[in-house]
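**Student:** Generate a structure from the sequence data that follows.
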Amino acid sequence: MHNKAKDIVISRDSIIPLHQQVLNQLRHLILSGVWKPGTRLPSETELQRHLGISRGTIRQALSRAEAEGLIERVPGKGTFVAVTVPAKETRGFIGYITSDFMSEFQRQLLQGAESTARERGYRILFCNSNGDVREEDRLLQQLIADRVDGILIWPSLSETSHRVLFRLVQEGRLPVVFVDRTLDSFPCDCVLSDNFGGGYTATKHLIDLGHSRIVFLSRPVLRLIPVAERYEGYRQAMLEAGLQPHPPFLVGMPDRELGPQEALQAYRQGTSDEIRHIEAVLKQPQRPTAIFAMNDLMALQVLRAAEHVGLSVPEDLSLVGFDDMDIITQLGIPLTTVAQDTFAMGQRAAELLIERIEGYQGPARREVIATRLQVRETTSTFPKDVSMSA
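**Tutor:** Numbering: from 1, shown residues only. Next up, the predicted model:
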């Protein structure tokens, strides 16, 4: 006999609570038809033994599933998949695909979306692609099989033109809303931060401190709209000040993003290809006196590279990041950065998606959430002892 407990998989590293993970798995197995109506569920003891979590956590998930009409408890016999899932419960599910459950940044997006969905009577199925487009494809197909009403997605970066996401958007099979980022010109709703305004404000802050040799540091991912807009904000501020903007200072492999764990590991160990590349630039006679990094993770690499070449931040080099991630609390010096309101982004994305689900058929919308500059201790006035000769 098939051990159905093995169909349920959880991750102890995820920010999603364990009972929510179990509930997500139950929803998928039942709504997709993997567990047929009338199927007997594993007992609480079997689930506890397989998953290694408390019986109270399992009971919490089962109680939620029962309240949703997905399962039925029969005294003396066990728990079964409901023979008929109520029609109202086959609607009201939203799929959410992200690439990272570990960071505070993603946690706030998730919590914002979930708070709005819950208020409007919808439930969210959380999925993690780990930034892999093949896993993203699989998850999208799974959510379609689960009969979700719409999808919120933080898309993976990929050049492939055959990905499920492209086909889904082009065919209009389900409402899709992009959260925090978008690719090219997709004909669907998206919610972004004011990346242009944030880039402009960050660069102007450095200019106001007397810096003129300012560079925008990025990985080679400028086809991501948020990153491209941050660079355009940098360019605009430089041009308005009568300064010549530099081409983006690119480090790392093309179309490969730097994740939080990888960035922290490189920072702690003090070595990576990115750090070595930044060191080489900082050793040049005409090195920048200020760097605006595409995000806080890249700013981490700058801090370590500056330390290796004997430059002090901010006395010798000013630095601004973007995101205001919780990761920067692990730094020895508080980072000046552009803060995003990620909770509000998640909320608004869920609102747009629910409007689509409930009948809105207007043109694609692009919502922009304001950013703010958090001035801390990695920026200071231009270091007068740095030669600015050509």
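
**Student:** contacting residues around residue 81?
**Tutor:** Shown in contact with residue 81 (Cβ atoms under 8 Å, 6 or more residues apart in numbering): 30, 35-39, 41, 70-72. (C-beta placed from N, C-alpha, C; glycine too.)

**Student:** Oh, that last question was meant for residue 92, not what I typed.
**Tutor:** With contact set as Cβ under 8 Å, 6+ apart, residue 92 has these partners: 121-123, 149.

**Student:** could you measure it against residue 147, distance?
**Tutor:** As judged by Cβ to Cβ, to the nearest Å, residue 92 and residue 147 stand 10 Å apart.

**Student:** Residue 281 now?
**Tutor:** 52 Å.

**Student:** can you check residue 17 too?
**Tutor:** Taken as Cβ to Cβ, the span from residue 17 to residue 147 is 24 Å.

**Student:** likewise residue 195?
**Tutor:** 34 Å.

**Student:** before we move on, what about residue 82?
**Tutor:** From residue 82 to residue 147 the distance is 15 Å (Cβ to Cβ).

**Student:** Compare the two (neighbour count), which wins?
**Tutor:** Comparing residue 82 with residue 147 by neighbour count (other Cβ atoms under 10 Å), the higher total belongs to residue 82, at 18 against 13.

**Student:** Find the residue closest to that one in space, skipping its chain neighbours.
**Tutor:** residue 72 (5.1 Å; Cβ to Cβ, 6 or more residues apart in numbering).

**Student:** what does residue 351 give?
**Tutor:** Of all residues not flanking residue 351 in the chain, residue 116 sits nearest, at 5.7 Å (Cβ to Cβ, 6+ apart).

**Student:** I'd say that neighbour and residue 345 touch.
**Tutor:** No - assessed by Cβ atoms under 8 Å, residue 116 is found out of contact with residue 345, at 11.0 Å.

**Student:** on that earlier part again, and the residue nearest to residue 351, how many neighbours?
**Tutor:** When neighbours are defined as other Cβ under 10 Å, residue 116 has 21 of them.

**Student:** For it, which residues are in contact?
**Tutor:** Going by Cβ under 8 Å, 6+ apart, residue 116 touches 346-347, 350-351, 354.

**Student:** ok, these vs residue 205, which is closest?
**Tutor:** Checking the contacts of residue 116 against residue 205 with Cβ to Cβ, the nearest one is residue 346 at 27.2 Å.

**Student:** Please identify which helix or strand holds the closest one.
**Tutor:** helix 342-357 (DSSP states H and E).

**Student:** Kindly report the same for residue 155.
**Tutor:** With DSSP H and E as criterion, residue 155 is part of no helix or strand.

**Student:** contacting residues for it?
**Tutor:** 97, 136, 165, 178, 181-183.

**Student:** ok, the residue positioned nearest the centre of the chain to residue 204 distance?
**Tutor:** By Cα atoms, centre = their mean, the mean C-alpha position of the chain lies nearest to residue 106, the distance being 4.6 Å. Distance, residue 106 to residue 204, by Cβ to Cβ: 29 Å.

**Student:** burial count for residue 103?
**Tutor:** Other residues near residue 103 come to 21 when the count uses other Cβ under 10 Å.

**Student:** Residue 28 too?
**Tutor:** Here the number of neighbours of residue 28 (other Cβ under 10 Å) works out to 22.

**Student:** Please settle this for me: is it part of a strand?
**Tutor:** No - applying DSSP: H, G, I helix; E, B strand; the rest coil, one finds residue 28 to be helix, outside a strand.

**Student:** Who's the closest spatial neighbour of it, skipping the chain neighbours?
**Tutor:** In space, residue 28 is closest to residue 146, 5.5 Å off (Cβ to Cβ, 6+ apart).

**Student:** Let me see the contact set for the one you found.
**Tutor:** Per Cβ under 8 Å, 6+ apart, neighbours of residue 146: 27-28, 31-32, 93, 95, 125.

**Student:** In helices, which of those residues fall?
**Tutor:** Counting by DSSP state H, these place 27-28, 31 in helices.

**Student:** A helix includes residue 56, no?
**Tutor:** Yes - judged by three-state DSSP, residue 56 forms part of a helix.

**Student:** Let me know the distance separating it from residue 47.
**Tutor:** Distance from residue 56 to residue 47, by Cβ to Cβ: 12 Å.

**Student:** between these two, which one's more packed in?
**Tutor:** Applying other Cβ under 10 Å to residue 56 and residue 47 shows that residue 47 carries more neighbours, namely 22 against 10.

**Student:** contacting residues for the more buried one?
**Tutor:** 5, 8, 22, 58.

**Student:** Look up which residues are beta-bridged to residue 217.
**Tutor:** Beta-bridge partners recorded for residue 217 (DSSP bridges): residue 249, residue 293.

**Student:** contacting residues for it?
**Tutor:** 248-249, 251, 278, 291-294, 298, 302.

**Student:** What are the boundaries of the strands in this protein?
**Tutor:** In the chain, the strands defined using DSSP state E lie at 71-74, 78-81, 93-98, 123-128, 150-153, 176-179, 189-193, 214-218, 249-250, 290-293, 318-323, 336-340, 366-369, 371-374.

**Student:** closest to residue 169 out of those?
**Tutor:** Nearest to residue 169, of all the strands of the chain, is strand 176-179, at 5.6 Å by Cβ to Cβ.

**Student:** mind listing what the closest one pairs with, with the direction of each?
**Tutor:** Strand 176-179 is paired, per DSSP bridges, with strand 150-153 (parallel), strand 189-193 (parallel).

**Student:** Off-centre distance for that strand?
**Tutor:** Mean C-alpha position of strand 176-179 versus that of the full chain (Cα atoms, centre = their mean, to the nearest Å) differs by 12 Å.

**Student:** what mean pLDDT does that strand have?
**Tutor:** Averaged over strand 176-179, pLDDT sits at 95.

**Student:** And for stretch 240-255?
**Tutor:** Per-residue scores along stretch 240-255 average to 93.

**Student:** Quick one: distance of it to the chain centre.
**Tutor:** Offset of stretch 240-255 from its chain centre (Cα atoms, centre = their mean): 24 Å.

**Student:** Low-confidence regions, the stretch 1-150 of the chain specifically.
**Tutor:** 1-3, 13-16, 32, 85-91, 101-102 (pLDDT under 70).
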